[in-house]
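Asker: Got a predicted structure here, sequence first:
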Amino acid sequence: MNPRPISENPTYIGSGKLKNKVAIITGGDSGIGRAVAIAFAKEGADLVIAYLDEHQDAAETKQIINSLGRQCLTIAGDLRLEENCYSVVATTLKTYGQLDILVNNHGVQFHQKSIMDITREQLMNTFQTNIISFFDMTKAALPHLRAGSSIINTTSDTAFSGMSFMIDYTASKGAIVSFTRSLSQSLAD
């Protein structure tokens, strides 16, 4: 990413809030996902970082997590493919024997001056990446989560304010908000 985002608060010391928990963080190789991964590791979690193809970023994140004394498994794959979502969960369970937290964080965005410039291919790619894969990751993980486990879906303030040059992106982020609200209601029982 350019410019490189700040991913860590070096003065923050964890207190064991996630001791011996296992978390999958999609898009955990960089940006917000990396910051979440580092914070979770500082709190005692072991991690699985699912990412598309940013191998150097994933290796850097893994090195940081390992330096904090936690385990980190990196898995490259396209989460637009449903089978890859199930594979990430299966590999997590095989490696760690449990899953406690799912963080759906990955996403794409493309700048276009007008809705007329957004191709059907771009629209489908944005929604497949930014929301449909969240459904698939959640469906893959849910049978393995226990009472007290968490599903965290990241979105953007553009879901509420809109953005004229990222219409498809903001629409997908609004869908994440509605998905999260509806999912939490369905799981509350």
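Answerer: That came through fine.
Asker: excluding its backbone neighbours, what's nearest Lys21?
Answerer: Once flanking residues are discounted, Lys21 sits nearest to Asp100: 4.1 Å by CB to CB, 6 or more residues apart in numbering. The way it works is simple: take the backbone N, C-alpha and C, and place the C-beta from them, glycine included.
Asker: Isn't the one you found up against Ser149?
Answerer: Yes: using CB atoms under 8 Å, Asp100 is in contact with Ser149, at 5.1 Å.
Asker: higher neighbour count, the two?
Answerer: More crowded of Asp100 and Ser149, by other CB atoms under 10 Å: Asp100, with 20 against 17.
Asker: Quick one: distance of stretch 50-60 to the chain centre.
Answerer: Relative to its chain's centre, stretch 50-60 lies at 13 Å (CA atoms, centre = their mean, to the nearest Å).
Asker: So that it lines up with my notes, have the first residue be 57 from now on.
Answerer: Done: numbering now begins at 57, and the last item shifts to stretch 106-116.
Asker: What is the end-to-end distance of that stretch?
Answerer: 14 Å (CA to CA, to the nearest Å).
Asker: which parts of it are buried?
Answerer: For stretch 106-116, burial by neighbour count (16 or more other CB atoms under 10 Å) applies to 106-108, 113-114.
Asker: can you pull out the strands in this protein?
Answerer: Assigned by DSSP state E, the chain shows strands spanning 78-82, 102-107, 128-132, 157-160, 206-209.
Asker: Need the ones you listed in JSON lines (columns: distance to Asn122).
Answerer: As requested, the strands of the chain are exported to JSON lines (distance: least, CB to CB, whole Å):
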{"stretch": "strand 78-82", "distance to Asn122": "15"}
{"stretch": "strand 102-107", "distance to Asn122": "10"}
{"stretch": "strand 128-132", "distance to Asn122": "6"}
{"stretch": "strand 157-160", "distance to Asn122": "19"}
{"stretch": "strand 206-209", "distance to Asn122": "23"}
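Asker: Can you work out which other helices and strands pack against the helix or strand of the chain with the lowest mean pLDDT?
Answerer: Counting by mean pLDDT, DSSP states H and E, the chain has its least confident helix or strand at helix 214-217, which shows a mean of 84. Applying 3 or more CB pairs under 8 Å, 6 or more residues apart in numbering; DSSP states H and E, we find helix 214-217 packed against helix 223-244.
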